[in-house]
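*Asks:* predicted model, plus sequence, below.
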Amino acid sequence: MTTTADSEMEASMIQTLLNNIKNSIDIRQSVSALRQEIKDDDKFNELFDALFDDGRLLIDLLKSDDPKTRKNAALLMGELEMDDFLLPLYEAYEKETTLFVRGSYLTAIGHYDYEELLPGLHRHLDELARKPVTDENRKHINEELRALNKLIIDDEGADNHTFIGYNNIHDCILITNRIYAGITYDQITAPKKEIFTAGVRVTTADLSEILSIRTYKELLFSISGIQTCDMDAITAARMIADSHLLDSLRCDHLEDEPFYFRIELKSSLEPDKKSTFVKKMSAELERLTRRRLINSPSDYEIELRLIENKTGRLNVLVKYNTINDTRFAYRKESVAASIKPVNAALFVELAKDYMIPDAQVLDPFCGVGTMLIERQMKVKANTSYGIDIYEPAITAAEHNTANADQIIHYINKDFFDFEHDYLFDEIFTNMPFASGHTTEEDIYNLYEKFFAKAKSVMKEHGTIIMYTHNLQFANEFAQKNNVKLIKNFEILKHLGTNLAIYKL
């Protein structure tokens with residue numbers, strides 16, 4: 001239990017630490033302790049009030065002979081956000097000669113409105129980018145470069161580039177469902193194409209055709225002059241800087257450099273080593289390209305994708321965020337259980353030969369409407385109905401359907417209470433599965449009720465097309481209800497998911 005005396009003692013700690021600094025007693029430790037103390041709001045206010053008329057106490061510490069004292073004083077001044085500290089911090093930064101301290105001033109400046117300092121920050125960035133780098137100074141120069149970049153981009157934003165390379169020749173990698181890469185392959189007219197482990201590789205001068213295909217998950221590009229690089233950050237940066245990456249970026253975009261990038265590393269490295277690798281490589285690539293490539297992890301235009309292969313080297317690919325992928329632009333809203341549009345598009349392609357044109361279609365677990373919208377894009381229905389017990393999903397479905405310029409009728413209701421004036425030709429749905437508070441037993445019972453209910457709302461030879469995590473349940477109750485499985489597509493083996501097609 002805290003007593004009044006204890007509280008008074010705690011409250012006086014700020015003044016004790018300030019007195020230590022004034023009397024040159026354990027200055028470094030006292031500044032560090034103040035930074036810890038002000039995590040408490042009351043103590044923050046106490047220190048702020050104490051320094052309101054005596055800010056020189058911290059400003060003078062920026063001239064201390066001890067680098068760690070200067071560093072901690074700068075960081076403390078940033079956290080206090082007192083306007084009188086901004087210019088002294090910048091002036092101290094310009095005079096600082098100890099590399100590991102310089103970035104701390106920039107971190108502190110980031111707490112303020114520093115717009116008036118931008119010309120100077122740009123000048124320091126240009127000078128630092130040209131500074132010779134050694135093994136000894138690389139780490140601290142990279143840290144300072146990152147801090148300067150962050151300040152400039154946070155205030156000015158990253159310049160946007162307009163992609164214009166739709167008819168340039170590109171070596172593309174289309175990431176697909178591995179089992180059904182052929183679905184995407186068959187939609188490509190370019191002669192130079194092949195299926196490989198992760199999808200489809202194609203050389204094309206017609207990106208518009210590629211961008212219209214709905215069944216690939218991601219579009220990546222190979223970089224001319226480099227396919228793989230060493231698992232060493234500095235060497236990898238040098239290899240990419242020496243490739244034709246910048247030439248391709250210039251050719252594919254209307255505006256000039258710089259281009260803002262981030263690196264995504266997929267490897268077996270431990271998370272901390274992976275993070276160190278990415279930071280080191282990003283800074284080195286920025287330096288080697290003389291900031292024609294600028295690292296901006298949160299506001300980037302291109303993503304360098306480095307993927308460790310079986311030989312221990314890194315495959316190098318690039319993703320353009322400057323390409324506007326409009327394939328699923330209608331899907332503005334979703335809920336936690338929403339299916340990915342690219343998966344729904346794949347299911348439509350797989351099941352298209354079993355769909356009836358001009359059919360009456362029902363999705364009894366419609367979510368935000370993705371399955372019905374994608375089906376309508378491929379095989380036009382007569383009338384489509386979506387039912388869901390979750391009202392926010394129905395509202396989202398209505399918005400998404402309007403965005404897709406389609407007409408689908410949505411009802412916020414439990415499917416098992418649903419009645420309709422006419423029968424349906426087809427059920428096309430993503431079945432619920434066990435998650436959260438829903439157990440496997442709950443899902444088993446749902447499948448039992450589903451097939452009995454489906455027969456009551458469907459025509460005599462109707463078709464059920466379902467994406468399911470529980471094929472065994474589906475088959476058991478289909479058989480009990482005289483519903484025949486006519487086709488099954490395994491979707492993801494490790495998740496046990498299937499697209500199953502049944503006939504009444």
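*Replies:* Right, received. Where do you want to start? Numbers count the residues shown, from 1 in each chain.
*Asks:* quick check: phi and psi on L293?
*Replies:* phi -110, psi 130 (degrees, to the nearest 10).
*Asks:* which strand residues bridge it?
*Replies:* Beta-bridge pairing for L293 (DSSP bridges): F259.
*Asks:* count of neighbours near it?
*Replies:* 25 (other Cβ atoms under 10 Å). C-beta here means a position set from N, CA and C on the backbone, and glycine is covered the same way.
*Asks:* do the same with I175
*Replies:* 18.
*Asks:* one more: D405?
*Replies:* Neighbour count of D405, defined by other Cβ under 10 Å: 7.
*Asks:* do T439 as well
*Replies:* Quick note: T439 (other Cβ under 10 Å) scores 11 neighbours.
*Asks:* next: K480.
*Replies:* As a burial measure, K480 scores 11 neighbours (other Cβ under 10 Å).
*Asks:* ok, now which ones touch it?
*Replies:* Shown in contact with K480 (Cβ atoms under 8 Å, 6 or more residues apart in numbering): F451.
*Asks:* distance of it from F451?
*Replies:* 7 Å (Cβ to Cβ, to the nearest Å).
*Asks:* cool, and S275?
*Replies:* 50 Å.
*Asks:* so which of those two has more stuff around it?
*Replies:* Between S275 and F451, F451 has the larger neighbour count (other Cβ under 10 Å), namely 21 against 12.
*Asks:* show me where the stretch 151-300 of the chain has its strands.
*Replies:* With strands called from DSSP state E, counting those that start in this stretch, the stretch 151-300 of the chain shows them at 170-175, 193-196, 199-204, 218-222, 228-229, 259-266, 293-295.
*Asks:* what's the first one in contact with?
*Replies:* The contact list for strand 170-175 (Cβ under 8 Å, 6+ apart) reads 184, 198-205, 207, 210, 213, 216-222, 224, 317.
*Asks:* what do you get for the shortest one?
*Replies:* If you take Cβ under 8 Å, 6+ apart as the criterion, strand 228-229 is touched by 235-236, 239-240, 306, 309, 311, 313-316.
*Asks:* at 7 Å instead, please
*Replies:* Taking contacts as Cβ atoms under 7 Å, 6 or more residues apart in numbering, the residues outside strand 228-229 that touch it are 236, 239-240, 309, 313-316.
*Asks:* then the third one?
*Replies:* Contact with strand 199-204 is made by 169-176, 181, 184-185, 188, 190, 192-194, 210, 216, as judged by Cβ under 7 Å, 6+ apart.
*Asks:* again with stretch 129-144
*Replies:* Taking Cβ under 7 Å, 6+ apart as the rule, stretch 129-144 contacts 99-100, 102-103, 106, 128, 279-280, 283, 287, 290-291.
*Asks:* swap in stretch 259-267?
*Replies:* Contacts for stretch 259-267 (Cβ under 7 Å, 6+ apart): 158, 161, 249, 274, 277-278, 281-282, 293-297, 299-308.
*Asks:* of those, which belong to helices?
*Replies:* Using DSSP state H, the subset of these located in helices is 249, 274, 277-278, 281-282.
*Asks:* what is the most widely separated pair among the residues you listed?
*Replies:* Maximum pairwise distance in the ones in helices among the contacts of stretch 259-267, criterion Cβ to Cβ, is 25.2 Å, between L249 and K274.
*Asks:* ok, the two, which is more surrounded?
*Replies:* The residue with more neighbours, out of L249 and K274, is L249; 25 against 15, by other Cβ under 10 Å.
*Asks:* just give the nearest non-adjacent residue to that one, would you?
*Replies:* Nearest non-adjacent residue to L249, counting by Cβ to Cβ, 6 or more residues apart in numbering: F259, 5.2 Å away.
*Asks:* just for this structure, where's the confidence low?
*Replies:* 1-11, 158 (pLDDT under 70).
*Asks:* domain ranges for this structure?
*Replies:* Annotated domains of the chain cover 4-156, 170-320, 341-503 [automatic domain parsing].
*Asks:* let's have the ones in helices among the contacts of stretch 259-267 in a markdown table, adding distance to F473.
*Replies:* Shown next, in a markdown table, are the ones in helices among the contacts of stretch 259-267 (distance: Cβ to Cβ, whole Å):
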| residue | distance to F473 |
| --- | --- |
| L249 | 51 |
| K274 | 40 |
| F277 | 45 |
| V278 | 44 |
| M281 | 48 |
| S282 | 49 |
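*Asks:* what's the closest of the residues you listed to V457?
*Replies:* K274 (52.0 Å).
*Asks:* so how far is S268 from that closest one?
*Replies:* Counting by Cβ to Cβ - K274 and S268 are separated by 9 Å.
*Asks:* who wins for proximity to T326 among the domains of the chain?
*Replies:* Going by Cβ to Cβ, the one of these nearest T326 is domain 170-320, 7.7 Å.
*Asks:* for the closest one, what is the distance to the chain centroid?
*Replies:* Counting by Cα atoms, centre = their mean, to the nearest Å, domain 170-320 is centred 16 Å from the centre of its parent chain.
*Asks:* alright, I will stop here.
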